[in-house]
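Novice: What follows is a predicted protein model with its sequence.
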Amino acid sequence: MNIDVSAIFQIAGIGIITAMIHTVLKQMGKEDMAHWVTLIGFVVVLFMVVSLLNDLFQEIKTIFLFQ
C-alpha cells in the first residue's frame with residue numbers, strides 16, 4: 001500500500017484556498033456567499049476523504065480475505 005502524500009497536499013490546498021476566498025468575501029460584506037464557499041469546500045474534501053477511505057477498506061479486505 002502506497003502512502004499518497006499528494007492527496008494530503010490537495011486537501012490542504014483546498015482548505016487554504018477556501019479560507020482565503022471566505023475571508024475576501026466576508027470583507028466585501030457577502031457573508032452568505034462566504035458560507036456557501038466554505039460549505040462547498042467542505043463537501044469536496046469530504047468526498048476526497050470518503051474515496052480514500054474506500055481505497056483503504058478495499059486494501060484491508062484484500063489483505064485479510066486473500067483475494
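Specialist: Happy to help now that I have it. Numbering: from 1, shown residues only.

Novice: rest of the way, CA atoms for contacts and neighbours
Specialist: Noted.

Novice: Poorly predicted segments of this structure, please.
Specialist: Applying pLDDT under 70 to the chain flags the ranges 1-3, 66-67.

Novice: So which residue is smack in the middle of it?
Specialist: Computing the C-alpha centroid of the chain and ranking residues by CA atoms, centre = their mean puts V45 first, at 1.8 Å.

Novice: Quick check: which element contains that one?
Specialist: Element membership of V45 [criterion: DSSP states H and E] is helix 31-65.

Novice: For the helix or strand containing I8, report the contacting residues that lie outside it.
Specialist: In this structure, I8 sits in helix 5-27 according to DSSP H and E. Contacts of helix 5-27 with the rest of the structure, by CA atoms under 8 Å, 6 or more residues apart in numbering, involve E31, M33, A34, H35, V37, T38, G41, V45, M48.

Novice: Apart from its neighbours in sequence, what residue is nearest the first one?
Specialist: Once flanking residues are discounted, E31 sits nearest to L25: 6.4 Å by CA to CA, 6 or more residues apart in numbering.

Novice: again with the third one
Specialist: Once flanking residues are discounted, A34 sits nearest to H22: 4.6 Å by CA to CA, 6+ apart.

Novice: got it, and V45?
Specialist: V45 sits nearest to I11 (CA to CA, 6+ apart), 6.2 Å away.

Novice: how near is that neighbour to M28?
Specialist: 26 Å (CA to CA, to the nearest Å).

Novice: Who has more neighbours out of those two?
Specialist: I11 (17 against 10; other CA atoms under 10 Å).

Novice: Distance of that one relative to M48?
Specialist: According to CA to CA, I11 stands 8 Å off from M48.

Novice: ditto for Q27
Specialist: For Q27, the distance to M48 - CA to CA - is 29 Å.

Novice: what do you get for M20?
Specialist: Separation of M20 from M48 (CA to CA) stands at 20 Å.

Novice: Who has more neighbours out of the two?
Specialist: More neighbours surround M48 than the other of M20 and M48, with 16 against 13 (other CA under 10 Å).

Novice: quick one: contacts for the more buried one?
Specialist: Contacts of M48 by CA under 8 Å, 6+ apart are I11.
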